[in-house]
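>>> Predicted model follows, preceded by the sequence.
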Amino acid sequence: MAILGTKPVSDEEVGLLASEHSEEVEDQGTSTLRPATLVAAVVTIFLMSGCLISLYTYSQSDHDSSEEYSLESLTKPKYPLNFLVVGDWGREGAYNQTLVAKQMGKVGRHLGIKFVISVGDNFYQAGLKGPQDPKFKNSFSKVYTAESLQTQWLAVLGNHDYLGDALLQIGDGLTRKDKRWFCDRFYQLKYPLCGSHNLGHCEKFVELFFIDTTPFVDKYWDAEQARTFDWRGIGPRQEYLDSQLKNLSLALESSTATWKIVVGHHTIRSLGRHGETPELVKSVLPILESHNVDVYINGHDHCLEHIKREDSAVHFVTSGAGSKSFQGLREGTTEEGLQFGYDGQGFISVSMAAQVLRIDFHDALGNNLYELNLKK
């Protein structure tokens, strides 16, 4: 068990690296975007066909002659599928968000990633306030400028996103501003792992299930807090939760995927500042365990974690360190299952083949901190 940087600090001090590390936002220019309507089916088709391409051309590249990143510790892109996961990032470049983005660009280029997953809290402090809110450009389009990151971004909503215009994030308005963007409450993605881009000729594939965790949390529905959350489209809460649980259970049950990964914002198992989410432990965890889910990936806690308990086959991975971090980890025991924890900024990369799932944990300064290897 490895725990790095466990000293809690105050909110005023939280989230900064040493002063010699610059985190200035670089404006690398903009591109003319053509309007495009993107729906889940199109996302799936693009990803299944392996036809993701760079959507923009920038004057600057992410090729860095001073390759300080420990890329030699990563396997060259021999895996059929490589992607990145980052969460809790949208702070208009502040709190080392740009440093994380720079390293994401390097790892993404090295691995030849197919897409990027965002596990929520996409825009702080309270989501987006409308179509013209500059935070979308300043937190997303102007920060993740590396060539390798000009690919599909697949996002879920976090609790901070629900404090703004949640419908804006899951609509196609933002996609017309930046073609990379896709976000929805519940959707699925299949990707072949045979080296072929045609699922019809490949029996080995991964299936990812994206879920909406914020409505499960009881405290967000308290009379005082409920007024600040954008619950439009949810309908009666219990009906929405029951429907999502039923859909997830049925989708997992019918899936013949070699690997099953569920993606949500809130933690299920975590030793971070927020800790476990009791509502998800009660309602979602039994579904994951009964349907042989391999990995649950989340954000919410601003750290990097890998938890694997002896009483469960599910691996729990937290990647919520896209910007403001250093909020403290509670040192766990063997029984709590903490295999790795890092209280600082970073992200993860996932590399997959038919019989191998590899997850690497990266910090904002170019260090490969920890490696998780699963085999079938």
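Perfect, I can see it now.
>>> Now do the contacts for the residue lying farthest from the centre of the chain.
Within the chain, the residue lying farthest from the chain centre (Cα atoms, centre = their mean) is residue 223, at 30.0 Å. Residue 223 is in contact with no residue at all, counting by Cβ atoms under 8 Å, 6 or more residues apart in numbering. Glycine gets a C-beta too; all of them are placed from N, C-alpha and C.
>>> How confident is the prediction for it, by pLDDT?
Note on residue 223: pLDDT of 84.
>>> distance of it from residue 230?
Residue 223 is 16 Å from residue 230, where distance means Cβ to Cβ, to the nearest Å.
>>> For residue 316, which three-state class applies?
Using DSSP: H, G, I helix; E, B strand; the rest coil, the structure places residue 316 in strand.
>>> Show me which helix runs longest in this structure.
Ranked by residue count under DSSP state H, the longest helix found in the chain is helix 237-254.
>>> residues making contact with that helix?
So helix 237-254 is contacted by 185-186, 188, 209, 211-212, 215-216, 221, 231, 234, 260, 262, 283-284, 287-288, 291-293 (Cβ under 8 Å, 6+ apart).
>>> starting at the chain centroid, how far to that helix?
Relative to the chain's own centre, helix 237-254 is displaced by 21 Å; criterion: Cα atoms, centre = their mean, to the nearest Å.
>>> Name the residues of that helix that are buried.
Buried residues in helix 237-254, counted by 16 or more other Cβ atoms under 10 Å: 240, 241, 244, 245, 248, 249, 251, 252.
>>> what helices or strands is the very next helix or strand once past that helix leaning on?
Using DSSP states H and E, the helix or strand that directly follows helix 237-254 along the chain is strand 259-263. If you count contacts as 3 or more Cβ pairs under 8 Å, 6 or more residues apart in numbering; DSSP states H and E, strand 259-263 packs onto strand 205-210, helix 237-254, strand 295-298.
>>> Strand partners (parallel or antiparallel) of strand 259-263?
Strand 259-263 pairs in its sheet with strand 205-210 (parallel), strand 295-298 (parallel), by DSSP bridges.
>>> Buried deepest among those, which one?
strand 295-298 (a mean of 25; mean count of other Cβ atoms under 10 Å).
>>> tell me the mean pLDDT for that strand?
The pLDDT scores in strand 295-298 average 98.
>>> Next: stretch 203-212.
Taken as a whole, stretch 203-212 has an average pLDDT of 96.
>>> ends of that stretch, how far apart?
End-to-end span of stretch 203-212 (Cα to Cα, to the nearest Å): 29 Å.
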